[in-house]
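**Student:** When you get a sec, could you give me coordinates for this:
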Amino acid sequence: MADINERVTAALEELIASGVESGLQVAAYHHGELVVDTWAGLADVESGRPVDGGTLFTSFSCTKGVTATAVHILVERGVISYDEPIAAHWPEFARRGKQHATIRHALTHRVGVPHMPDGVTPESMSDWDGMCEAIAALEPLWEPGARTGYHAYTFGWILGEVIRRADGRPINQFVQEEICAPLGLDGIHLGIDDATEPRVATLVDGPRPADAPAAPPDALIARAIPPAVGILAEPYNNPVVRRAALPAHGGLMNARSLARLYAALAGGGELDGARILPADRVRTATRLQTDDLDLAIQQPVRKALGYFQSGAISAMGPRMTAFGHPGAGGAIGFADPEHEFAFALTKSSLVAGAEPGASAAEVVGALVRRELGFPDEERA
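**Tutor:** Numbering: from 1, shown residues only. Okay, the predicted model is just below:
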């Protein structure tokens, strides 16, 4: 482990020296063993506070993989089922033509409400009940199930409220008790408390291509991620937002905990004697559901039940059975079950538009696979 850690640390330091990144963590598991656990850079540029292994980073849509795992736990227990209506647990959601929208539709971004309520602010986004009420009142943009379009933020309230209604616990408590406690994770939080805040890295806005066109205001992605709560440091460094449960895009986590979660999933739902899901449930949850054109992302995306699959997400490597979720700004967590491999990269610099193959996740992920001796496989 020492040699591979040294090489990965050197790669992280090179990325930081380039001026693109400011603080990074990487962790990886292979055959259930932690083989990479390293970090570099600053958790807070202004104060000079360094990153350490316990630093927590806002990791945006990496949170969706955590939320999806919580859903699968409840399905396995028979508390909910994929093909029942969301409104079976949340009756108010049936309004305006959403009565037939199912939990499977939510997991695959097919409910038809990728758009956020009008006038959302960081503060209103942090009000769980208010957001659920506003999302339940939305009219779908397409018949639920007919099309797929990335529910970048609404994914979290839809599935999080199903969990709360069906189980009785808010999603942050459910995740702590049913995922983090069994696996010994101290670095996945859907909302922090005051005692945890000193561990949180301060986000910084990273470089963006000068020629990158802005999305038109009426583009679906701009409605899914409104500018007032867009992928920028300011709203997500807000203490109110850090304390909110944002199960699609606001998880605060470290690489070591995110990689450990995916190591359990890569091992069929079990790690070090702790089982969160049976192997057949993991196979069901990670099977391809759709690779249609995503109306928000504007390209085909391979989607399983709440996870993205390798394909367009090249940082996951060449095996098409790899699954997980990237996060805006360049974070990622995923599992490659064919290699029993899990990888996570968390970071503080919100980098957009990196050249293909040049993002931190791609560079470091490829390095780790080489160091572990993975073959240069064709996609299969």
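**Student:** Return the backbone torsion pair for the residue minimising distance to the centre of the chain.
**Tutor:** For the chain, the residue whose C-alpha lies nearest the mean C-alpha position (Cα atoms, centre = their mean) is C62; its distance is 1.5 Å. When read as degrees, to the nearest 10, the backbone of C62 gives phi -60, psi -30.
**Student:** my read: it touches N254, true?
**Tutor:** No - contact status for C62 versus N254: not in contact, 11.0 Å apart, counting by Cβ atoms under 8 Å. C-beta coordinates here come from the backbone N, C-alpha and C atoms, glycine included.
**Student:** what is in contact with the two at once?
**Tutor:** Shared between the contact lists of C62 and N254 (criterion: Cβ atoms under 8 Å, 6 or more residues apart in numbering) are residues T346.
**Student:** and A304, backbone torsions?
**Tutor:** Backbone torsions of A304, given as degrees, to the nearest 10, read phi -100, psi -160.
**Student:** in terms of contact, does it touch T290 like I think?
**Tutor:** No - with the criterion set as Cβ under 8 Å, A304 and T290 do not qualify as a contacting pair; they are 9.1 Å apart.
**Student:** more crowded one of the two?
**Tutor:** Neighbour count, other Cβ atoms under 10 Å: between A304 and T290, A304 has more, with 20 against 16.
**Student:** residue contacts, the nearest residue to that one once chain neighbours are set aside?
**Tutor:** Nearest residue to A304, sequence neighbours excluded (Cβ to Cβ, 6 or more residues apart in numbering): T286, at 4.7 Å. Taking Cβ under 8 Å, 6+ apart as the criterion, T286 is in contact with L265, A304, L305, Y307, Q309, T321, F323, A335, P337.
**Student:** make it 7 Å
**Tutor:** Residues in contact with T286, defined by Cβ atoms under 7 Å, 6 or more residues apart in numbering, are A304, Y307, F323.
**Student:** returning to what we had before: mind checking pLDDT for the residue nearest to the centre of the chain?
**Tutor:** The predicted structure scores C62 at 98 on the pLDDT scale.
**Student:** With adjacent residues omitted, what lies nearest to it?
**Tutor:** In space, not counting the residues next to it along the chain, C62 is nearest to G327; the distance is 3.9 Å by Cβ to Cβ, 6+ apart.
**Student:** ok, now how distant is that neighbour from S348?
**Tutor:** Separation of G327 from S348 (Cβ to Cβ, to the nearest Å): 12 Å.
**Student:** residues near Q299, how many?
**Tutor:** When neighbours are defined as other Cβ under 10 Å, Q299 has 9 of them.
**Student:** Enumerate the beta-bridge partners assigned to it.
**Tutor:** Judged by DSSP bridges, the bridge partners of Q299 are D294.
**Student:** And it, how far from Q309?
**Tutor:** Using Cβ to Cβ, which is the criterion applied here, Q299 is 14 Å from Q309.
**Student:** Cool, thanks, signing off.
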